[in-house]
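S.K.: After the sequence you'll find the predicted model.
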Amino acid sequence: MTSPIAHFNGKLLPLDQIAISPLDRGFLFGDGVYEVIPAYGGRLLRAREHFRRLQRSMDEIRLANPHTPDEWIAEVERLLAHHPGNQSVYIQVTRGVPAKRDHVMPAGLAPTVFMMASPLATPSPEAVEKGVACVSAKDFRWEKCHIKSTSLLGNVLARQVSADAGAAETVLFRDGFLTEAAASNVFIVKGGVVAAAPQDNHILLGITYELLTDLAREGKLRFEIRPVAEAEVRGADEIWLSSSTKEVLAVTTLDGKPVGAGVPGPVFRRMHALFQEYKAKLAAAPAVAG
Ligand SMILES: Cc1ncc(COP(=O)(O)O)c(C=O)c1O
């Protein structure tokens, strides 16, 4: 099988011909940031919001952005020309390759830019129909979870808790409150009202989360952004996960106990339908960036 085309520092190359220095600070320190953007039929979902978040992550780690949003979008389009169909575009920028290993940020380094595209794996019809199992864990990650950093060891360890239990995600609690899951945002529904944790430094500012809040407003769902106590999650009628690849997905068991009636609830079904409508409109739109 031929190696898929990927982007490395401005060049399009077969993935297996890209070699990254062992001195790259992304490799040595996880000193970099990333984005994952879904593309439906060549149309990027909320590209501007993804590149705004990339800029925020770069500002937080004091890394100069090598591209404007328009340049980023043009580079992604160039890559997507080699990848038809629905794709997940992965973009990573690290602080580059210094002469020696030193924690201190070296001045004047060119960042390393890497992008790849892979077929977008959204939840199966069965997962949408039946929902998924999750387990919970203490949120032991750092205080800067709003940075989409490639330093993902905390998230890797958290996700493995659910992988070991044969579950789809690990729902995290910090000091008795819901934060998010290892690689998703989390919503609850109680009495027909959707609630989500505030977008502070304890969670990633999910682009899908933002999209769901917009769709909820347009669809006239009752929606609150506020601290959500662990007890509320355990007593919720519905729990949902959201991410660029999961879209919106119902959680039907948490730690082995059924969530509500143990099947995806009516508010989830409404939100899922709104999301599918949004996607269909995006795929039919004339411009690449949505
Ligand atoms: C920790 C974490 N929270 C939330 C999300 C959801 O973000 P988005 O909707 O932008 O994909 C992700 C995405 O991978 C994530 O890793």
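M.R.: Okay, I see it.

S.K.: what's the neighbour count on the residue of the stretch 51-200 of the chain found nearest the ligand?
M.R.: Nearest residue of the stretch 51-200 of the chain to the ligand (Cβ to the nearest ligand atom) works out as Ala183 at 3.9 Å. Glycine gets a C-beta too; all of them are placed from N, C-alpha and C. As a burial measure, Ala183 scores 19 neighbours (other Cβ atoms under 10 Å).

S.K.: isn't it right next to Arg159, touching?
M.R.: Yes. Counting by Cβ atoms under 8 Å, Arg159 is a contact partner of Ala183 at 6.1 Å.

S.K.: Overlap in contacts, those two.
M.R.: Residues touching both Ala183 and Arg159 by Cβ atoms under 8 Å, 6 or more residues apart in numbering: Glu169.

S.K.: coming back round to it: ok now do the residue of the stretch 51-200 of the chain closest to the ligand, which residues does it touch?
M.R.: Applying Cβ under 8 Å, 6+ apart, one finds that Ala183 lies in contact with Asn155, Arg159, Glu169, Ser243.

S.K.: which residue packs closest to the second one, ignoring adjacent ones?
M.R.: In this structure, Arg159 finds its nearest non-sequential neighbour in Ala182, 3.7 Å apart by Cβ to Cβ, 6 or more residues apart in numbering.

S.K.: Quick one: name the residues of the stretch 1-150 of the chain near the ligand.
M.R.: When proximity is defined as Cβ under 6 Å from any ligand atom, the stretch 1-150 of the chain approaches the ligand at Val36.

S.K.: check contacts around Thr2.
M.R.: Under the criterion of Cβ under 8 Å, 6+ apart, the neighbours of Thr2 are Pro14.

S.K.: What does it show for phi and psi?
M.R.: Phi and psi for Thr2, reported as degrees, to the nearest 10, are phi -80, psi 150.

S.K.: tell me what the longest helix along the chain is packed against?
M.R.: Among the elements of type helix in the chain, defined by DSSP state H, the one spanning the most residues is helix 266-284. For helix 266-284, the elements it packs on are strand 32-40, helix 207-218, strand 238-243, strand 247-254, judged by 3 or more Cβ pairs under 8 Å, 6 or more residues apart in numbering; DSSP states H and E.
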